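Undergrad: Mind looking at a prediction? Sequence and model below.
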Amino acid sequence: MDEKLIGRRDFMKSTLAGFGGLFFLPQIDMKQEIRVVDAKGKEKKFVYRTLGKTGLKIPVINMGVMLTDNPNLIRTALDSGVLLLDTAHAYMAGRNEEVIGEVIKGRPRDSYYIASKVSLPQDRTTGLYTEGATTEEFLKKLDLSLKRLGLDHVDILHLHGVSRKESVMFEPALKAFDKAKKDGKIRFTGISTHTNEPEVIHAATDSKAYDVILTAYNFKQKHYAEVRNAIAKASQAGLGIIGMKAIRGGNQQPPTVKNITASLKWILQDPNVHTVVPGFTTFDQMEIDLSIMEDLTLTEPEKIELQKEASIRGLYCQGCRQCLGQCPEHLPIPDLMRAYMYTYGYRNLALAQDLIMSLNLPNRVCEDCGQCPVKCSIGFNVSGKIRDVVRLRDVPLEFLV
Amino acid sequence: MMKTVCLILGLIIFLWVSGAEAKDFRFPEIKGWKQSGEIQTFIPKNLYEYINGAADLYLMYDFQELEVAEYLNEKKASVIIDVYRHKTSTHAFGIYSQERLSDTNFINIGAQGYVEKNVLNFLTGSYYVKINSFNTGAEDQEILLTFAKKVAENLGEKGRLPSILSSFPEEGKKKNSEKFINKNFLGYSFLHSAFTADYELSGTKFKLFVIEGAGKDECKDMIQKYVQQTGSPRKDVVEGRYLIPDPHHGEIELYWRGGYIWGILNLNIPSLRSKYLKLFEEELQKRN
């Protein structure tokens, strides 16, 4: 074993897993506007932020429509002060856009904003576009979306479900956006992502081809810090940032967050997020989501609850043992994940070290494999966590107890 | 003793069938076509990697697993088959109905299917199958049908559309407009699920719905919560007619009898409402 002793403090400092100042952001000027809105006869406090250089001033809570075909829910949302409806060409095979079209018929065009999304054929393993991903295909889908919505233009059109930087710069899509803008069919271009978000966001920022980014962003993401950094850079470059998968949806069904309002406040504590589009499906859910605008400040009990929930879900190996047999070096992965949890969940480094030492690991752990073949069922970066926690072998015991 | 043996045998058969349903499906071999690459499998946690945000709706319909296979031929045409397995045939119908086009070319595959250019979707048992083709030219429909028939064959029993759909009165009903809403019907968490159908009569459009409760008590609970929610609480909630002043949906007339709650949305003509609700009641009674 290398004689490279490190102290406990250095060990803890060197990771992002510790809940330092990073998890909660300090209070700063959010550059937001507060208004009292007449929401179906009731006065409600609404908080507005500007969606980057689009200049659109919108409430920080809007509506992700994809889960509902209830026109009266959408209608009530608009009547209650929601301005932005988020949908997609593919949702409900087009019916989602049609339902929205029914609802907005007759409403003044400047009383709402519509964001939709168009996807192109993709290799789902690599995230790269395949044959059939053409400018014509993109524009054909956009025209159909406009027909369903009963509109001559949408306010934001996203390239749907991007997970690679190569796809951000996909020429046929950029050409389609260009034509669509020139024809007045879209006002602003966007990109949506819920995989490899930091890579996609950085690429979108650097490309200068996009006005808005719609990204998954929540306190349970293992890489929330990287997402946050990417969002900050994008926002500083003038891009509008819309958060999604803040509380519901994605791979979390039924919702696993315990405190919905705290989860929404967590994302909105970030001044670089201009709005969130939760997918509510009941009137009560809508009321709860909108109510956070009364006060976006996270209370101390809410902070503790979020930390606890993030800690448990983010660090705790589910013990499914699907990883067994995947490691070419036959490392005892569930035990190593348990050591990781002892370290960061329980903050018991001695216990963690004791476990690690009992495993009779080889000298070099996770250093010689090029790419880790282990696929964790809950998406852990297994080799990263192992490399992190085995460093405890180099910490003298007297430093830990 | 005999009863115990039968029970155990029944349990074994049940477990075997449900296990078989889940695991024994094989993508078919189709003459002139070769499977390309590995079969991809997606589960609830990673379905969004395949269909992005559309995954959320599938999850609401108790999606269990998706298997995807791609086929290629020498002419560089491709066919992709998505086989979605849901918890029950009702859930599969639910998601199928959410995406089903009402004015399309229906075909007799599985419990029901339809075909459009480059697309064939069908429902069979607890499976929702979506087939997409690319570069298939003039033979597109024939190719899609060939694939669909083989997949349906391998999936086994075709099942049927939910039997309760036959209780919706025929007059004025928009064909194939029936849907199953799995959660939060009308935007209320206490109205757990419902079947709906769209109607049009002399330019008037409305919707009929029916909620199947687990029993009288559950229906009573739903009605109680509904009247409370809409500001018209009652001391005694009994079976019969209700006129609910819903602040979001307008006036809703509904009936509760036994394990069923049925009603009408968006119809302000009382005589027409009564007619349809009576017709519906007669059909529902036939089920008992």
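TA: Received the coordinates, thanks.
Undergrad: list the helices and strands the helix or strand B:I143 falls within packs on?
TA: Using DSSP states H and E, B:I143 maps to helix B:140-155. Helices and strands touching helix B:140-155, by 3 or more C-beta pairs under 8 Å, 6 or more residues apart in numbering or on different chains; DSSP states H and E, are strand B:78-86, strand B:112-116, strand B:119-124, strand B:127-134. Glycine gets a C-beta too; all of them are placed from N, C-alpha and C.
Undergrad: which stretches of the stretch 151-300 of chain A form helices?
TA: A:165-168, A:171-182, A:197-207, A:224-236, A:260-268, A:283-291, A:300-315 (DSSP state H, counting those that start in this stretch).
Undergrad: Give me every residue in the stretch 1-150 of chain B lying close to chain A.
TA: B:40, B:44-57, B:59-60, B:68, B:98-101, B:134 (C-beta under 8 Å from any C-beta of the partner chain).
Undergrad: which non-adjacent residue is nearest A:N229?
TA: A:P198 (7.1 Å; C-beta to C-beta, 6 or more residues apart in numbering or on different chains).
Undergrad: From A:K233, how far off is the one you found?
TA: 10 Å (C-beta to C-beta, to the nearest Å).
Undergrad: Let me see the contact set for the closest residue to chain B within the stretch 101-250 of chain A.
TA: Closest contact between the stretch 101-250 of chain A and chain B, by C-beta to the nearest C-beta, is at A:G161 (3.6 Å). Going by C-beta atoms under 8 Å, 6 or more residues apart in numbering or on different chains, A:G161 touches A:K117, A:S119, A:Q122, A:S192, A:T193, A:H194, A:T195, B:N52, B:G53.
Undergrad: Show me which of the residues of the stretch 1-150 of chain B next to chain A are buried.
TA: B:40, B:44-57, B:59-60, B:68, B:98-100, B:134 (16 or more other C-beta atoms under 10 Å in any protein chain shown).
Undergrad: Out of those, which sit inside helices?
TA: B:Y48, B:E49, B:Y50, B:I51, B:A55, B:D56, B:L57, B:L59, B:M60, B:Q98, B:E99 (DSSP state H).
Undergrad: Using CSV, please lay out these together with distance to B:I143.
TA: Formatted as CSV, those follow (distance: C-beta to C-beta, whole Å):
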residue, distance to B:I143
B:Y48, 29
B:E49, 27
B:Y50, 22
B:I51, 23
B:A55, 28
B:D56, 31
B:L57, 28
B:L59, 31
B:M60, 32
B:Q98, 26
B:E99, 21
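Undergrad: neighbours around B:A194, how many?
TA: Burial measure for B:A194: 20 neighbouring residues, criterion other C-beta atoms under 10 Å in any protein chain shown.
Undergrad: any idea how far the nearest residue to it once chain neighbours are set aside is from B:H192?
TA: Among residues not flanking B:A194 along the chain, B:F185 sits closest, at 4.2 Å (C-beta to C-beta, 6+ apart). For B:F185, the distance to B:H192 equals 7 Å [C-beta to C-beta].
Undergrad: for B:N118, same thing?
TA: 36 Å.
Undergrad: again with A:N72
TA: Counting by C-beta to C-beta, the gap from A:N72 to B:H192 is 18 Å.
Undergrad: Now do the strands in chain B.
TA: B:34-42, B:63-72, B:78-86, B:105-107, B:112-116, B:119-124, B:127-134, B:179-181, B:194-201, B:204-212, B:240-246, B:250-257, B:260-265 (DSSP state E).
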